[in-house]
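Student: Sharing a sequence plus its predicted fold:
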Amino acid sequence: MGRRSSSRAATGPAATADPWTPAVAGLARRHRHERLIGLVLLVFSSVSILTTFGIVAVLLLESSTFFGVVSIREFFTETRWSMVEQRFGILPLLTGSVVIAAGAALVALPLGLLAAIYLSEYAAPRVRKVLKPVLEILAGVPTVVYGYFALTFITPHIIRPLFPGADTYNALSASIVMGIMIIPLVSSLSEDAMTAVPRALREGAYALGATRFEVATRTVVPAALSGIIASFILAVSRAIGETMIVTIAAGAAPNLTLNPLRSVQTMTAYIAQVSQGEAPHGSLEYRTIFAVGLALFAVTLLMNIVSSIVLRRYREVYE
Amino acid sequence: MSRHPAAQRDAGRFEPRLRARARYGVLFKAATLAATLVGVIVLAVLLVDTAVDGGSQLSGDFLRNSPSYLASRSGLRPALLGTVWMMVITAVVSFPLGVGTAIWLEEYAPDNRLRRFIQTNIANLAGVPSIVYGILGLAVFVRALSLGRSILAGGLTLALLILPVIIIASQEAIKAVPSSIRLGAYALGATRWETIRYHVLPLAMPGVLTGTILALSRAIGEAAPLLLIGALAFIDFAPRRLSDPFTAVPIQIYNWVSKPQAAFHELAAAAGIVLLVLLLGMNAVAILLRNRYSRDN
């Protein structure tokens, strides 16, 4: 912030140099140019606002027609989602999203946190320099490839041998693979938070006779807790918004179930399914895309906001 | 050797249990290492599994052919070309918009509510699920602007998707340019834009380009927004115009995975290898750029 204000202060003399204008070639033209560029850049910046505005407007406008036909009460309390029966209860889709995100969290939160502790507290710099980018590749693998892996490897070679009754498309394999995918999200953000914990705190704990394990778990982790929790929430939000893994591996059956061995359908998978079908523009089925999209957007936005509040409000500030 | 009574009392109670605590330490270190390795091992298994499944299908013909109802004659050509076209559109649109926004936020904007609002808004946009961008693209580009289910609509949608990533990366790169550079330029009479154009941007460019390439490598693997836009799985011609219908590699993979026959699954794996190789190439370029310029400075 200090730099910003100093750079702005530096432009002051240029502005007050106006009386000299005739002496410097083309200064008036350069100032016009300057204003024009400022304007163009402002227009560029407004695209991101227009994007948000567009998302909210499209979701609200298109789903308002849907909620004219299906009451909001039915949308939240009906326990079936079926185009054929004209039942539009979001619960089965919401449950599908939550079951899969919870499974992914069970995989990613402990593994990601332990990996962050290893990278921040234990790993030698050389080991860390190799392991960290390799872990981050996990977040870059395309989700269709993860979906392929879940369907053709995890389900037949891991889940079916353990649970012979599992459906071909099941929530568990999608959960496991999605959990692996979001490990780097947890580990990177948590590690950043732990690295930001000042050395003095660690040394204080060592001086009191703590072992490295005690320093890590009782000093560093609590001191970095706001960053760690924020990373957890972000990771779960990412899991809820993920589409292709669940579309490929978890199936397309909106079952209201908590059994991870069964086929379920998430909100995202439903949207993907309808968009591939022949739902005519303007039909009720077409409108469901926007109603479910609105629910999805609301859930993920809420989690992202909570995550940034946790990060800001509960941050321990060391100086 | 008389000891303080309190010390005497505590000496009786405090047990350092050094051996047990050291043992926990060793166990815990092993657990953290194991957790780190789980991710690495799964990544290795995934890569090997994909390579084994798809390796036999990879050939010149696979890259030259179009999709067919016969697995043995199917190829990736239209999808590959669709992906390349779309990446060009996405890059051309999102790069100037993203860098321009970053410059405005870092160098022009006064520290007022509008700036903070835009900044918060960008952070939130970065967390919006990609399929929601697909819904936006469907309603705005495909319907409202009547672009139809075209390659242009797909490219624009992906451009909006990666815009926040490019903005945030570019901001970091611009912030890292020392203010002495700016002050020097101003002292010589440069205007704000001249300072940015000739001094700040050249220094920030490696970081900006790295961020842009990483953002594009996210876009290249996206399938969900394109499903919404209506990328078709069965396209047997190469795109010629921006208004042509299109398919892309991730969409083609999804289509092949969705078929019941194992032969098509092998094709999906082969296309997955192609996609991973493309990604690897983009990441290698990004790393090279970063190393190259950080050495020079």
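Tutor: Everything's here; your move. Numbering: from 1, shown residues only, chains lettered A, B, ... in the order given.

Student: Domain map for chain B?
Tutor: As given by automatic domain parsing, the domain ranges for chain B are B:17-55, B:60-296.

Student: nearest spatial neighbour of the residue of the stretch 1-150 of chain A found nearest chain B, skipping sequence neighbours?
Tutor: Proximity of the stretch 1-150 of chain A to chain B (Cβ to the nearest Cβ) peaks at A:Pro142, 3.0 Å away. All C-beta atoms are positioned from the backbone trio N, CA, C, and that covers glycine. Of all residues not flanking A:Pro142 in the chain, B:Gly221 sits nearest, at 3.0 Å (Cβ to Cβ, 6 or more residues apart in numbering or on different chains).

Student: For A:Phe88, give me phi and psi.
Tutor: Backbone geometry at A:Phe88, expressed as degrees, to the nearest 10, gives phi -120, psi 70.

Student: can you tell me which residues contact it?
Tutor: Going by Cβ atoms under 8 Å, 6 or more residues apart in numbering or on different chains, A:Phe88 touches A:70, A:74-75, A:78, A:81, A:288, A:291.

Student: how much space is there between it and A:Tyr270?
Tutor: 11 Å (Cβ to Cβ, to the nearest Å).

Student: what is in contact with the two at once?
Tutor: A:81, A:288.

Student: How about the residues of the stretch 151-297 of chain B by chain A?
Tutor: B:160, B:163-164, B:167, B:175, B:179, B:182-183, B:186-187, B:189, B:191-194, B:217-218, B:220-224, B:227-228, B:230, B:250, B:253-254, B:257-258, B:265, B:268-269, B:272, B:275-276, B:279, B:283 (Cβ under 8 Å from any Cβ of the partner chain).

Student: ok, and the closest non-adjacent residue to the residue most central in space within chain B?
Tutor: Closest to where the C-alpha atoms of chain B average out (Cα atoms, centre = their mean) is B:Arg218, at 2.8 Å. Nearest non-adjacent residue to B:Arg218, counting by Cβ to Cβ, 6+ apart: B:Ile162, 6.0 Å away.

Student: ok, that neighbour touching B:Ser217?
Tutor: No: with contact defined as Cβ atoms under 8 Å, B:Ile162 does not count as touching B:Ser217 (9.5 Å).

Student: Which one of those two is surrounded by more residues?
Tutor: B:Ile162 (28 against 21; other Cβ atoms under 10 Å in any protein chain shown).

Student: For that one, report the pLDDT, please.
Tutor: B:Ile162 is assigned a pLDDT of 96 by the prediction.

Student: ok, now which ones touch it?
Tutor: B:Ile162 touches B:90, B:94, B:98, B:215-216, B:218-219, counting by Cβ under 8 Å, 6+ apart.

Student: Confirm that A:Gly251 lies within a strand, as I assumed.
Tutor: No: A:Gly251: not assigned to a strand; according to DSSP: H, G, I helix; E, B strand; the rest coil it is coil.

Student: Could you check how many residues crowd around it?
Tutor: Other residues close to A:Gly251 by other Cβ under 10 Å number 23.

Student: now B:Ser59
Tutor: Neighbour tally, B:Ser59, other Cβ under 10 Å: 11.

Student: swap in B:Ala91?
Tutor: With other Cβ under 10 Å as criterion, B:Ala91 counts 20.

Student: I'd guessed it sits against B:Ile213; true?
Tutor: No: assessed by Cβ under 8 Å, B:Ala91 is found out of contact with B:Ile213, at 9.2 Å.

Student: Weed out the non-buried ones from the contacts of A:Phe88.
Tutor: Burial by neighbour count, judged by 16 or more other Cβ atoms under 10 Å in any protein chain shown, picks out A:70, A:75, A:78, A:81, A:288, A:291 from those.

Student: from the residues you listed, which ones fall inside strands?
Tutor: Judged by DSSP state E, the buried ones among the contacts of A:Phe88 include A:Trp81 as members of strands.

Student: of the buried ones among the contacts of A:Phe88, closest to B:Arg23?
Tutor: A:Trp81 (52.6 Å; Cβ to Cβ).

Student: who's the closest one bridged to?
Tutor: Under the criterion DSSP bridges, A:Trp81 forms beta bridges with A:Phe88.

Student: mind listing what it touches?
Tutor: Contacts of A:Trp81 (Cβ under 8 Å, 6+ apart): A:87-93, A:254, A:265, A:270.

Student: Return the nearest residue of the stretch 1-150 of chain B with respect to chain A.
Tutor: For the stretch 1-150 of chain B, Cβ to the nearest Cβ, closest residue to chain A: B:Pro129, 2.7 Å.
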